[in-house]
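K.L.:
Requesting a structural model of the entry that follows:
(one chain, ligands or ions: 3)
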Amino acid sequence: MTATRVLVLNSGSSSVKYQLLDMRDSSRLAMGLVERIGEETSRLKHTPLATGGASRERTGPIADHEAALKAVAEELAKDELGLDSPELAAIGHRVVHGGQSFTEPTVVDDTVLAEIERLIPVAPLHNPANLTGIRTAQALRPDLPQVAVFDTAFHTTMPESAARYAIDVKTADEHRIRRYGFHGTSHAYVSRETARLLGRAPEDVNVIVLHLGNGASASAVRGGKCVDTSMGLTPLEGLVMGTRSGDLDPAVIFHLTRVGGMSTDEIDTLLNKKSGLLGLCGDNDMREIRRRIDEGGADAPAARLAFEIYIHRLKKYIGAYYAVLGRVDAIAFTAGVGENAAPVREAAVAGLEGLGMAVDDALNTVRSQEARLISPAGSPVAVAVVPTDEELEIATQTYALVGTARTDN
Ligand SMILES: Nc1ncnc2c1ncn2[C@@H]1O[C@H](COP(=O)(O)OP(=O)(O)O)[C@@H](O)[C@H]1O
Ligand SMILES: CC(=O)OP(=O)(O)O
Ligand SMILES: [Mg+2]
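P.N.:
Residues are numbered from 1 along each chain as shown. Ligands and ions are numbered 1, 2, ... in the order given. I've put the predicted structure just below:
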């Protein structure tokens, strides 16, 4: 029997998204999400698409990523899609930080594991979860290839002018300080899908991709290759995010140390977990922020200011990447906020008519899972909503790698 299935694990800091796909036609057999890992109120939602069965939910504490993955394995086994299946060809893992070592999807061995571990200080919210996912999957299926697909890989084409910080070169090189960029699997997939939506080859199209989820990043993609992106050494730089500050004057950190008396760890926590939309208004979910603004009560002003700061930063990056690319064919909004929040798209593009960018109100408010244009017909720059599918992209890359290595006998 030819093994044609790939299980994909996208382990976040407090969640695991997963999909089981049959790579003969890239169809999804099952998908799901474990969220609030480590809290009392963890929740697993599993949808067995192959059997057409209803989604199942489990709530109650799931202590860590190992327990989460075991719970996922149990759910899959109930649908006879278990990890013991001979049809499983590989398990593909999202790994957030691959440094400069990994530019391609990579079959995991001890050296690869050691490198992912070495990079924990520059991806403290993500790489530990990714490692636990890989190790747990290895324990469940030691015979299977585990493939790591790195968020940083797509950005390795950035020129030095975009990738280097203007700091002492020797210090930077000694500590491998440079801009790596993240969400690369999504930027790659979405830029390609945007070209497809325009009916053009990726090589002919320049796209600004705005990946707006909990973490958020922008990228400038020229002819299918990344030339700049907003995240840097770590996923903290760039846009305002759910709980991360994005860009700030680095002297804020010296000031908080010297004048504020805060430790490095306290500042790290402040900037990564207590800043962004959460720090500005107490909510990190864009739905909640829009609700507060729309209801207009005493809660509204702080939410409105947070929204305005978020949009201001986004608009600056659109302008910057317009300048970097010189010619822009499309802007693509993606991820939880980009795909669902029409007011964010409207506000981000408002006033950019001079750059050839506009949003049509009626098209912008259409709700759909499909990639679609939201700019008026004939706009010089196409504005699009393009749902991302990191799991499909990881599965495709994983299967391409193990497919070529596999001997079917
Ligand atoms: N209908 C919606 N309107 C506005 N924001 C939304 C909506 N649905 C989801 N979101 C936002 O999307 C975010 C999650 O995006 P997602 O891409 O799943 O993030 P991540 O992969 O980083 O967890 C949520 O925090 C929420 O703010
Ligand atoms: C790299 C990163 O920020 O990822 P996420 O959006 O999943 O937190
Ligand atoms: Mg994400």
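K.L.:
so who does the residue of the stretch 301-409 of the chain found nearest ligand 2 touch?
P.N.:
Of all residues in the stretch 301-409 of the chain, Ala335 sits closest to ligand 2, at 7.5 Å by Cβ to the nearest ligand atom. Bear in mind the C-beta positions are built from the backbone N, C-alpha and C, glycine included. Residues near Ala335 by Cβ atoms under 8 Å, 6 or more residues apart in numbering: 183, 186, 211-213, 216, 388.
K.L.:
Quick check: phi and psi on the residue lying closest to Ala68 once chain neighbours are set aside?
P.N.:
Using Cβ to Cβ, 6 or more residues apart in numbering and skipping the chain neighbours, the partner closest in space to Ala68 is Val34 (4.3 Å). Torsion angles at Val34 (phi, psi; degrees, to the nearest 10) stand at phi -110, psi 120.
K.L.:
do the same with Arg372
P.N.:
Here Arg372 shows phi and psi, under degrees, to the nearest 10, equal to phi -150, psi 160.
K.L.:
So what's the residue count around it?
P.N.:
14 (other Cβ atoms under 10 Å).
K.L.:
So it is in contact with Val385, correct?
P.N.:
Yes - the criterion here is Cβ atoms under 8 Å, and Arg372 meets it with Val385 at 5.5 Å.
K.L.:
So, low pLDDT: which residues of the stretch 51-200 of the chain?
P.N.:
By pLDDT under 70, the stretch 51-200 of the chain has no low-scoring segment.
K.L.:
where exactly do the helices run in it?
P.N.:
For the stretch 51-200 of the chain, helices defined by DSSP state H, counting those that start in this stretch occupy the ranges 65-78, 110-118, 127-140, 160-163, 169-174, 184-198.
K.L.:
Using TSV, lay out the ones you listed together with distance to Val6 and mean neighbour count.
P.N.:
As requested, the helices of the stretch 51-200 of the chain are exported to TSV (distance: least, Cβ to Cβ, whole Å; neighbours: other Cβ atoms under 10 Å):
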stretch	distance to Val6	mean neighbour count
helix 65-78	13	20
helix 110-118	18	15
helix 127-140	12	20
helix 160-163	31	13
helix 169-174	37	11
helix 184-198	14	24
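K.L.:
ok now stretch 265-279, how far from the chain's centre?
P.N.:
Distance, stretch centre to chain centre, for stretch 265-279: 19 Å (Cα atoms, centre = their mean, to the nearest Å).
K.L.:
actually stretch 374-382, not the one I typed
P.N.:
Offset of stretch 374-382 from its chain centre (Cα atoms, centre = their mean): 26 Å.
K.L.:
okay, that stretch in PDB with CA atoms only?
P.N.:
The C-alpha trace of stretch 374-382 is given here as PDB (Å, rounded to 0.1, in the frame of the first residue of the first chain):
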ATOM      1  CA  ILE A 374     -12.500  43.800  -2.600                       C
ATOM      2  CA  SER A 375     -11.100  46.700  -4.700                       C
ATOM      3  CA  PRO A 376     -13.400  48.500  -7.200                       C
ATOM      4  CA  ALA A 377     -13.200  47.100 -10.800                       C
ATOM      5  CA  GLY A 378     -10.300  48.700 -12.700                       C
ATOM      6  CA  SER A 379      -8.300  49.600  -9.600                       C
ATOM      7  CA  PRO A 380      -4.600  50.000 -10.400                       C
ATOM      8  CA  VAL A 381      -3.800  47.800  -7.300                       C
ATOM      9  CA  ALA A 382      -5.900  44.800  -6.500                       C
END
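K.L.:
Name the residues of it that come out as buried.
P.N.:
374-375, 379, 381-382 (16 or more other Cβ atoms under 10 Å).
K.L.:
Switch those over to JSON lines, and while doing so, append pLDDT to every line.
P.N.:
Formatted as JSON lines, those follow (pLDDT from 0 to 100):
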{"residue": "Ile374", "pLDDT": "98"}
{"residue": "Ser375", "pLDDT": "98"}
{"residue": "Ser379", "pLDDT": "97"}
{"residue": "Val381", "pLDDT": "98"}
{"residue": "Ala382", "pLDDT": "98"}
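K.L.:
tell me the two of those residues that are most distant?
P.N.:
Greatest spacing in those, by Cβ to Cβ: Ile374 and Val381 (11.6 Å).
K.L.:
Ala201 reaches Ala195, doesn't it?
P.N.:
Yes - contact criterion Cβ under 8 Å: Ala201 and Ala195 qualify, at 6.4 Å.
K.L.:
and the end-to-end length of stretch 374-393?
P.N.:
With Cα to Cα, to the nearest Å as the measure, stretch 374-393 spans 24 Å from end to end.
K.L.:
Could you do stretch 110-127 as well?
P.N.:
For stretch 110-127, the end-to-end distance is 15 Å (Cα to Cα).
K.L.:
Centre of the chain to that stretch, how far?
P.N.:
In terms of Cα atoms, centre = their mean, the centre of stretch 110-127 is set 17 Å apart from its chain centre.
K.L.:
Touching it from outside, list them.
P.N.:
Residues from elsewhere that reach stretch 110-127 (Cβ under 8 Å, 6+ apart): 11-13, 95-99, 101-102, 106, 128, 130-131, 134-135, 148, 180, 233-235, 268, 272.
K.L.:
For ligand 1, what is the nearest residue in the stretch 251-400 of the chain?
P.N.:
Closest approach of the stretch 251-400 of the chain to ligand 1 (Cβ to the nearest ligand atom) occurs at Gly336, with a separation of 2.0 Å.
K.L.:
check contacts around the residue nearest to that residue when sequence neighbours are not counted.
P.N.:
Counting by Cβ to Cβ, 6+ apart, Gly336 lies nearest to Gly213, which is 4.7 Å off, once chain neighbours are set aside. Neighbour list for Gly213: 183, 242, 335-338 [criterion: Cβ under 8 Å, 6+ apart].
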